[in-house]
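[1] Kindly return the folded structure for what I paste below:
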Amino acid sequence: MALSARNQLSGKVIDVQIGSIMAHVTVQVGDNEIESVITRRSAEELQLKVGDTVKVVIKSTEVMLSKG
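    Next up is the predicted model:
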């Protein structure tokens, strides 16, 4: 699937918590963890499970930086 978003990071799923409506997915990207909350339906359609390689796509109107 082609996307216009440029902020794409490859990582590995390290945790998936499926709730009644939403799913909480944690992805290891290098030394960092990125957490995403998606719909349960999306998680089920993607058949997400621990160990899967995924691409984290970040689309935001604001990104904050801290030096140090």
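
[2] what lines up beside whichever strand or helix holds Gln17 in the sheet?
    For Gln17, the enclosing helix or strand under DSSP states H and E is strand 8-18. Note on strand 8-18: by DSSP bridges, its sheet partners are strand 22-29 (antiparallel), strand 53-57 (antiparallel).

[3] Go ahead and produce PDB holding the CA coordinates of the first one.
    Taking only C-alpha atoms (Å, rounded to 0.1, in the frame of the first residue of the first chain), the coordinates of strand 22-29 have been written out as PDB:
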ATOM      1  CA  MET A  22      -9.800  -0.600  20.900                       C
ATOM      2  CA  ALA A  23      -6.400  -2.400  20.700                       C
ATOM      3  CA  HIS A  24      -3.200  -1.100  22.300                       C
ATOM      4  CA  VAL A  25      -0.100  -2.100  20.300                       C
ATOM      5  CA  THR A  26       3.500  -1.600  21.400                       C
ATOM      6  CA  VAL A  27       6.200  -1.700  18.700                       C
ATOM      7  CA  GLN A  28      10.000  -1.900  19.300                       C
ATOM      8  CA  VAL A  29      11.800   0.500  16.900                       C
END
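
[4] circling back to that earlier point, give me the residues contacting the strand holding Gln17.
    Residues external to strand 8-18 that are found in contact with it (C-beta atoms under 8 Å, 6 or more residues apart in numbering): 23-30, 33-34, 40, 43-44, 48-58. Any C-beta I mention is one placed from the backbone N, CA and C, and that applies to glycine too.
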